[in-house]
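Trainee: Quick check, what structure comes out for this input:
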Amino acid sequence: MKSITLFSDGSALGNPGFGGYCAILRFGEHEKIVSGGENDTTNNRMELKAVIEGIKALKEPCRIEIVSDSSYVTKGISLWLENWVAKGFAKVKNPDLWIEFLEVSKMHKLKTTWVRGHNGHEENERCDKIAKEEAQKLKERQWKSL
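Mentor: This is a model prediction of the structure:
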């Protein structure tokens, strides 16, 4: 089983607003960037979407270390998710994305690591920059279409 590091970040211009996400997948010396965005979304949705889309890019079961500055994502995965599932996601925000996360991650072995955002962590800074660029692209497209 390959060991992958998945660095991720999400961004929203407004909350809700135009959103962007980015995941950097690293396997040894190889790296793949997955990014995108959505209109009318929140920062937390984009944080989780980055992880989901990063995992979806993998073609085989892997050991994945998810590195994120989002305690919502890291604690959600490592501490809260099992209880949310047991309670049928009652009173949980973004149940659609958490259910999608469960589906895409079920064949993998996961570990989460929280890093402080905007603190010089190279991959986190790169993800942050790309996620913001994705959100900005959506915003600019909206203005051009008016």
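Trainee: is it true that Met46 touches Gly20?
Mentor: Yes. If you go by Cβ atoms under 8 Å, Met46 and Gly20 touch, sitting 6.3 Å apart. To be clear about C-beta, it is placed using only N, CA and C from the backbone, and glycine gets the same treatment.
Trainee: Could you tell me the average pLDDT over stretch 98-105, please?
Mentor: Mean pLDDT, computed over stretch 98-105, is 98.
Trainee: My assumption is that Leu6 lies in a strand; please confirm.
Mentor: Yes. The assignment for Leu6 is a strand, going by DSSP: H, G, I helix; E, B strand; the rest coil.
Trainee: and the residue lying closest to it once chain neighbours are set aside, what does it touch?
Mentor: Closest residue in space to Leu6, ignoring its immediate chain neighbours: Gly54 at 4.6 Å, by Cβ to Cβ, 6 or more residues apart in numbering. By Cβ atoms under 8 Å, 6 or more residues apart in numbering, the contact list for Gly54 reads Leu6, Ser8, Ala23, Ile24, Leu25, Val34.
Trainee: would you list those residues in TSV and tack on distance to Trp98?
Mentor: Shown next, in TSV, are those (distance: Cβ to Cβ, whole Å):
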residue	distance to Trp98
Leu6	17
Ser8	15
Ala23	17
Ile24	22
Leu25	21
Val34	19
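Trainee: of those, closest to Lys87?
Mentor: Nearest to Lys87, judged by Cβ to Cβ, of the contacts of Gly54 is Ser8 at 25.7 Å.
Trainee: For Gly37, give me its contacts.
Mentor: Counting by Cβ under 8 Å, 6+ apart, Gly37 has contacts Phe18, Gly19, Gly20, Tyr21, Met46, Glu134, Ala135, Lys137, Leu138.
Trainee: Let me know how buried the fifth one is, in neighbour terms.
Mentor: I take that to be Met46. Each residue near Met46 was counted by other Cβ atoms under 10 Å, and the total is 27.
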